[in-house]
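A.B. asks: okay, sequence plus prediction incoming.
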Amino acid sequence: MNVIELLAHLQAQHKTTARAGELRDQIQHLTAALTETEARLADLVTTRKVIAELAPTQEDSEAPETNSVYQAIVNAFNQHPDQEFRARELHELLGMPTDEASVNITRSRLGRLTRQGFLTQPGRGRYQKRT
C-alpha cells in the first residue's frame with residue numbers, strides 16, 4: 001500500500017468515525033424523546049383511569065356525590081402536585097367532616113387512587129400526586 005492509498009484509507013476511516021458520532025448523537029436524542037413520550041403516555045393512561053373511575057355510567061352504583069368527592073380529591077392533588085397529604089389534612093383542606101368514619105372512607109379512596117397509579121404513597125398514611 002502506498003502513501004496515497006494509506007491517506008485515502010485514513011480519510012475514509014475518519015468519515016466513518018464522524019458518521020458514527022452523528023448516529024450516536026441521534027440515538028441519544030431519540031432515546032430522550034422516547035423516554036419523555038413514554039412518561040407522557042403513562043400520565044395519559046393514569047388520567048384515563050381516573051376519569052373512567054370518576055365518570056358516571058348507567059351501571060354506576062356509586063352516588064353522584066361520591067364521584068364529586070373523588071373529583072374534589074383529585075383536584076386538591078392537581079392544585080398541590082408537590083405536596084403530601086394525609087386523609088385528615090385533605091378533609092380539612094376541602095372542608096369535609098373530620099370524624100373518623102369519614103376520614104376512613106377517604107383513606108380507602110386514596111388507596112384506590114394509589115392502586116390506579118394517580119397517587120404515590122411516599123410514607124405511611126401520606127399521599128402525593130404521581131409525577
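C.D. replies: Nice, thanks for sending it over. Numbering: from 1, shown residues only.
A.B. asks: what's the nearest residue to residue 122 if we skip its chain neighbours?
C.D. replies: Of all residues not flanking residue 122 in the chain, residue 128 sits nearest, at 5.4 Å (CB to CB, 6 or more residues apart in numbering). Yep, even glycine has a C-beta here, placed from its N, CA and C like the rest.
A.B. asks: can I assume that neighbour sits in a strand?
C.D. replies: Yes. Counting by DSSP: H, G, I helix; E, B strand; the rest coil, residue 128 is found in a strand.
A.B. asks: okay, now it: neighbour count?
C.D. replies: 18 (other CB atoms under 10 Å).
A.B. asks: over to residue 87?
C.D. replies: Neighbours of residue 87 using other CB under 10 Å come to 22.
A.B. asks: my guess is it contacts residue 107. True?
C.D. replies: Yes. Using CB atoms under 8 Å, residue 87 is in contact with residue 107, at 4.6 Å.
A.B. asks: then the helix-or-strand element of the chain with minimal mean pLDDT to CSV, C-alphas only?
C.D. replies: For the chain, counting by mean pLDDT, DSSP states H and E, helix 64-79 ranks last in confidence among helices and strands (a mean of 80). Presented in CSV, the C-alpha positions along helix 64-79 are these (Å, rounded to 0.1, in the frame of the first residue of the first chain):
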residue,chain,number,x,y,z
PRO,A,64,-73.1,11.2,42.2
GLU,A,65,-71.9,12.8,45.4
THR,A,66,-69.3,10.1,45.7
ASN,A,67,-67.9,10.9,42.3
SER,A,68,-67.8,14.6,43.2
VAL,A,69,-65.8,13.7,46.3
TYR,A,70,-63.3,11.8,44.1
GLN,A,71,-63.1,14.8,41.8
ALA,A,72,-62.5,17.1,44.8
ILE,A,73,-59.7,14.9,46.0
VAL,A,74,-58.1,14.7,42.5
ASN,A,75,-58.5,18.5,42.2
ALA,A,76,-56.7,19.0,45.5
PHE,A,77,-53.7,16.9,44.4
ASN,A,78,-53.7,18.7,41.0
GLN,A,79,-53.6,22.1,42.7
